[in-house]
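# please find the sequence and the predicted model below.
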Amino acid sequence: MTDEQEKTPAGPLRVGVLGARGRMGIEVCKAVEAADGVELVAAMDQGDDRSAASNAQVVVDFTTPDVVMDNLRWCIDRGISAVVGTTGFSEQRLEQVREWLARKPEVGVVIAPNFGIGAVLMMQFAARAARHFESVEIIEQHHPAKLDAPSGTATHTARQIARARAEAGLGPVPDATKDEVPGARGAEIDGVRVHAVRATGLVAHQEVLFGATGETLTIRHDSYDRASFMPGVLLAVRAVRSRPGLTVGLDALLD
Ligand SMILES: NC(=O)c1ccc[n+]([C@@H]2O[C@H](COP(=O)([O-])OP(=O)(O)OC[C@H]3O[C@@H](n4cnc5c(N)ncnc54)[C@H](O)[C@@H]3O)[C@@H](O)[C@H]2O)c1
Ligand SMILES: O=C(O)C1=N[C@H](C(=O)O)CCC1
């Protein structure tokens, strides 16, 4: 930002979008253009010159797991805060982002596997239920153009459930089954089975199935339209500059 811009009285928050021609990016550009107090200053996609977003105060990234780290580094180096919905964040990647941010203490980054308010609550409810049930499995369902599996939401949910189980002193989930066909029992994340379904007509859906003697509990969330993610994205866009450092998930912003 130039000294001149720094001195200018607060105008609308300048927002850039990376992945602007993608399914989510299109929706984010529309939401930013329609929202009060924010202004879309750059809408960039693959092949565009990213420097057009240098003037942004906040960049929103909905791109792909293979380019998102490079985009984040670029933003942090320039002192631009970022709101990231792109998936594929391992613990190592989060640690790398924290390292970059340590050199730019004024910059905020929010990385959320799911910006749907209902999805955030579904993950919280699942983490709360986890200590009371010996069995748990996650079934995530998405549109078939999704590049990654399992979803970021399912991975995050599994990690939170595993943490809650460990704190409650629960052992492994009981399971005597031997896979006759590899993959029949799904993937395993921190001891929690995760099943990924892909079908035309779906957007983003997840069930968490808990079991104990004589009862089951199913916690389910459905996004039928990408508009469902926009209140969460705008919440993060407005909050990120007042939250220096890394925030993972929307939980802290909803409290
Ligand atoms: N956190 C959430 O709430 C949430 C919700 C939906 C999707 N997602 C995730 O967001 C990501 C995008 O999802 P989508 O359905 O919009 O995918 P998409 O494939 O429709 O869009 C990705 C866009 O990024 C663009 N792109 C690729 N490389 C780029 C680069 N270097 N710079 C700028 N743009 C680049 C692509 O051309 C494409 O237009 C995925 O990782 C998905 O899992 C997260
Ligand atoms: O459409 C997608 O891709 C989605 N990805 C996120 C995930 O991986 O959890 C969130 C829901 C939509």
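Yep, it's here. Bear in mind the structure is a predicted one, so any value in this text is a computation, not a measurement. Ligands and ions are numbered 1, 2, ... in the order given.
# quick one, strands of the stretch 151-255 of the chain?
In the stretch 151-255 of the chain, strands defined by DSSP state E, counting those that start in this stretch lie at 187-189, 192-198, 204-212, 215-223, 245-248, listed in chain order.
# adding distance to residue 180 and mean neighbour count, write those strands out as a markdown table.
Yep, even glycine has a C-beta here, placed from its N, CA and C like the rest. Shown next, in a markdown table, are the strands of the stretch 151-255 of the chain (distance: least, CB to CB, whole Å; neighbours: other CB atoms under 10 Å):
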| stretch | distance to residue 180 | mean neighbour count |
| --- | --- | --- |
| strand 187-189 | 17 | 15 |
| strand 192-198 | 16 | 18 |
| strand 204-212 | 22 | 20 |
| strand 215-223 | 24 | 15 |
| strand 245-248 | 38 | 17 |
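# any chance of those strands in CSV, plus mean pLDDT and distance to residue 118?
Converted to CSV, those look like this (pLDDT from 0 to 100; distance: least, CB to CB, whole Å):
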stretch, mean pLDDT, distance to residue 118
strand 187-189, 97, 22
strand 192-198, 98, 19
strand 204-212, 98, 10
strand 215-223, 98, 5
strand 245-248, 98, 19
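# to residue 15, which of those lies closest?
strand 245-248 (17.3 Å; CB to CB).
# can you list the strands that that closest one pairs with?
In the sheet containing strand 245-248, its partner strands are strand 108-111 (parallel), by DSSP bridges.
# stretch 124-132 near ligand 2 at all?
No: interface with ligand 2: stretch 124-132 contributes nothing (CB under 6 Å from any ligand atom), its closest point being 13.8 Å away.
# so what's whatever residue of the chain ends up closest to ligand 1 up against?
The shortest separation between the chain and ligand 1 is 2.0 Å, found at residue 22 (distances taken as CB to the nearest ligand atom). Counting by CB atoms under 8 Å, 6 or more residues apart in numbering, residue 22 touches 45, 62, 63.
# and for stretch 139-150, what are the contacting residues?
Contacts made with stretch 139-150 from outside it, assessed by CB under 8 Å, 6+ apart, are listed as 23, 64-65, 87-88, 138, 151, 153-154, 158, 187, 189, 194-207, 209.
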